[in-house]
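Q: Build me a structure from this.
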Amino acid sequence: MSGSRFVNTRLLVGALVLGLLTLLACHSGSKSLSNAPQPGGNSGSLVGAGNIFVYPVMTRWISDFQSSHSGIQINYQSIGEVFNS
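A: Residues are numbered from 1 along each chain as shown. Okay, the predicted model is just below:
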């Protein structure tokens with residue numbers, strides 16, 4: 001794997017993780033009824049891809065996130081390989 005491809009993959013994975021953490025942080029402390037999700041009010045989708053190495057943990061995080069945010073669909077696909085042979 002070339003150095004720049006490795007850096008690009010790491011940047012993509014980092015950006016995706018940062019985005020998910022940001023989404024979680026924005027909704028985790030909100031307990032007031034005015035900020036509660038309304039039926040049909042919060043919806044959207046996020047598509048991401050990254051190295052297969054992070055796929056198991058990303059799958060877990062996505063599952064946890066979607067269990068409390070039913071209107072948001074996240075599609076994460078693993079690409080590439082863990083080790084360069």
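
Q: wouldn't residue 51 be in contact with residue 76 here?
A: No. At 11.1 Å, residue 51 does not count as touching residue 76 under the criterion of CB atoms under 8 Å. C-betas here are computed from N, CA, C, even on glycine.

Q: low-confidence ranges in the chain?
A: 1-3, 6-7, 25-42, 81-85 (pLDDT under 70).

Q: first vs last residue of stretch 49-60, how far apart are they?
A: 15 Å (CA to CA, to the nearest Å).

Q: Please spell out which residues along that stretch are buried.
A: Residues of stretch 49-60 classed as buried by neighbour count (16 or more other CB atoms under 10 Å): 50-51, 54-55, 58.

Q: helices or strands next to the longest helix that the chain contains in the packing?
A: For the chain, the helix that runs over the most residues, judged by DSSP state H, is helix 3-28. Applying 3 or more CB pairs under 8 Å, 6 or more residues apart in numbering; DSSP states H and E, we find helix 3-28 packed against strand 44-51, helix 55-68, strand 72-79.

Q: and these as a markdown table, adding distance to residue 10?
A: As requested, those are exported to a markdown table (distance: least, CB to CB, whole Å):
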| stretch | distance to residue 10 |
| --- | --- |
| strand 44-51 | 8 |
| helix 55-68 | 14 |
| strand 72-79 | 13 |
